[in-house]
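**Q** Give me coordinates for this.
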Amino acid sequence: MNTDTPRVFIAATRQNDGKTTTSLGLIAALQQHFPRVGYIKPVGQRFVEVDEHKIDEDTVLMDSVYRLNCPLVDMSPIAVEPDFTRKYLQQSNNEALVKKIQKAFDRVAWEKEFVLCEGSGHAGVGSVFDLSNAQVAKILGAKVIIVTRGGIGKPIDEVCLNQALFEKEGVEIIGVILNKVLGEKMDSVTDFARRGLKRKGLELLGVIPHQSLLSSPTVELVREELGAELLNTGGDRRGLISNVIVGDMGAERALNFFKRGALLITPGGRDDIILAAITSLDGHPANRIAGVVLTGNVRPTGALLKIIETMPVPVLLATQDSYEVASIVHDLTVKTRPSDAEKISLIRDLIAKKVNLPKILESL
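**A** The predicted model follows:
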């Protein structure tokens, strides 16, 4: 396997701590030093079908943004399907999987000056089929950066758990990046986290402030998660949702909550609330709500449906009741998508300003 091309492995203490955000920004930063950067996610758990191949969705994102000039099947060699673990425990074909990762890395690294490797979850994820993040980093001969959520005590505790598994596999950790740190706590968290990590022999490589934009879902994401029907073609389904209103109140009172970025969730039979939402759209377009979800599979009829069809914001019809819809929206895992231009631009700026890339390159 290629051992010459510089590489780094991005790990995390948990899922959704910011590996993909960090990787997305680091590729842009690395390209300032290495014009030809490659990317690989050796083991992926969330995938999409591309040309009859199962490709990790983060791989699709990276290739869409950076046009990495490498087959997707090489950048995403192993997709963990629902029955993957059971098949492995029956056959235990570890050697074949290791070779698949190594060959994929060789193709990804071909004519590249640097390769960024992204893990999946914490250091132990994949242990059941003998491809934990720690084991994969060892296979690739890569040093590791751990991404964790902002804070002091809990993040460092979790980093230490992961550190132990990487050290068991003989993998070196370059340092730690703290993500989603509240703005008013940036200085304090940076100071004490650096002290705490230093006591564990680890370097603090960056502190990224929390950005509500990056955790805000779009109306289209909500539609997909709910399996909802789109009742009109108006408005931007890529519009970001900043807060949720459950229309269980009087129409006059509801008007006070119809502000920019709000998602209205209301039973389809509440004509008064729906009409109030329509009235609120008369103001400046920049101050409009993000969209409306009608629940309980109650479809408006007659004149009201015709008005909805002309509304300048997306209106969805969901089969779930209002409480279930609100719960689903609240618990959404928001992933950056290739079409999220504003988010991607913000991520690049954040990583460039808040992560110590020279220190990373020095450690390699």
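
**Q** got any ranges where the stretch 1-150 of the chain has weak pLDDT?
**A** In the prediction, the stretch 1-150 of the chain carries no residues with pLDDT under 70.

**Q** And the strands in it?
**A** Along the stretch 1-150 of the chain, counting by DSSP state E, counting those that start in this stretch, strands occupy 7-12, 37-40, 43-44, 47-50, 53-56, 78-79, 114-118, 143-149.

**Q** ok, residues contacting the next helix or strand after the longest one?
**A** Spelled out, it's strand 143-149. Next helix or strand after strand 143-149 toward the C-terminus (DSSP states H and E): helix 153-168. Taking contacts as Cβ atoms under 8 Å, 6 or more residues apart in numbering, the residues outside helix 153-168 that touch it are 11, 13-14, 122-124, 132, 134, 137, 144, 146, 148-149, 172-173, 176, 178, 193, 196-197, 200, 202. In short, each C-beta sits where N, CA and C put it, glycine included.

**Q** Repeat that for stretch 21-37.
**A** Residues lying outside stretch 21-37 but in contact with it, judged by Cβ under 8 Å, 6+ apart, are 6, 8, 10, 39, 58, 61-62, 65-66, 68, 111-116, 118, 145, 147, 177, 179, 208, 214, 336, 344, 347-348, 350-352, 355, 357, 361.

**Q** could you say what helices and strands the top strand by length along the chain packs with?
**A** Using DSSP state E, we find that the single longest strand of the chain is strand 173-181. Under the contact criterion of 3 or more Cβ pairs under 8 Å, 6 or more residues apart in numbering; DSSP states H and E, the helices and strands touching strand 173-181 comprise helix 19-30, strand 143-149, helix 153-168, helix 186-199, strand 204-209, helix 357-363.

**Q** Could you rerun that using 6 Å?
**A** Using 3 or more Cβ pairs under 6 Å, 6 or more residues apart in numbering; DSSP states H and E as the contact criterion, the neighbours of strand 173-181 among helices and strands are strand 143-149, helix 186-199, strand 204-209.

**Q** and it, how far from the chain's centre?
**A** Centroid separation between strand 173-181 and its chain, computed with Cα atoms, centre = their mean, to the nearest Å, is 16 Å.

**Q** picking up where we left off before, what's the closest of the strands of the stretch 1-150 of the chain to residue 251?
**A** The closest of those to residue 251 is strand 143-149. By Cβ to Cβ, the value is 40.1 Å.

**Q** Which neighbours in the sheet does that closest one have, and how are they oriented?
**A** Next to strand 143-149 in the sheet, as set by DSSP bridges, lie strand 7-12 (parallel), strand 173-181 (parallel).

**Q** re earlier: let's have the helices and strands packed on strand 173-181 in JSON lines, adding distance to residue 54 and mean neighbour count.
**A** Shown next, in JSON lines, are the helices and strands packed on strand 173-181 (distance: least, Cβ to Cβ, whole Å; neighbours: other Cβ atoms under 10 Å):
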{"stretch": "strand 143-149", "distance to residue 54": "25", "mean neighbour count": "24"}
{"stretch": "helix 186-199", "distance to residue 54": "37", "mean neighbour count": "16"}
{"stretch": "strand 204-209", "distance to residue 54": "31", "mean neighbour count": "22"}
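
**Q** any chance of the ones you listed in JSON lines, plus distance to residue 26?
**A** Supplementary listing: the helices and strands packed on strand 173-181 in JSON lines, determined by distance: least, Cβ to Cβ, whole Å:
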{"stretch": "strand 143-149", "distance to residue 26": "8"}
{"stretch": "helix 186-199", "distance to residue 26": "19"}
{"stretch": "strand 204-209", "distance to residue 26": "10"}
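
**Q** For residue 268, which of those is the nearest?
**A** Of all these, it is strand 143-149 that lies closest to residue 268, at 38.1 Å by Cβ to Cβ.

**Q** quick one: the closest one to chain centroid distance?
**A** Using Cα atoms, centre = their mean, we find the averaged C-alpha position of strand 143-149 to lie 15 Å away from the chain's own average C-alpha position.

**Q** what's the angle from it to helix 186-199?
**A** When axes from the mean of the first three to the mean of the last three Cα atoms, to 10 degrees is applied, the directions of strand 143-149 and helix 186-199 differ by 140 degrees.

**Q** who's in contact with strand 143-149?
**A** The set of residues that contact strand 143-149 without belonging to it, under Cβ atoms under 6 Å, 6 or more residues apart in numbering, is 8-13, 17-19, 22, 137, 155, 158-159, 162, 166, 171-174, 176-177, 179-180.

**Q** could you redo the last one with a cut-off of 8 Å?
**A** Taking Cβ under 8 Å, 6+ apart as the criterion, the residues outside strand 143-149 that touch it are 7-14, 17-19, 22, 137, 155, 158-159, 162-163, 166, 171-180, 205, 360, 363-364.

**Q** which of those residues count as buried?
**A** Neighbour-count burial (16 or more other Cβ atoms under 10 Å) is assigned, among the contacts of strand 143-149, to 7-14, 17-19, 22, 137, 155, 158-159, 162-163, 166, 171, 173-180, 205, 360, 363.

**Q** if we can go back for a sec, selection in PyMOL covering whichever of the contacts of stretch 21-37 are buried, please.
**A** Isolation of the buried members of the contacts of stretch 21-37 (16+ other Cβ under 10 Å) is achieved in PyMOL through the command below:
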select buried, resi 6+8+10+39+58+61+62+65+68+112+114+115+116+118+145+147+177+179+208+214+336+344+347+348+350+351+355+357+361
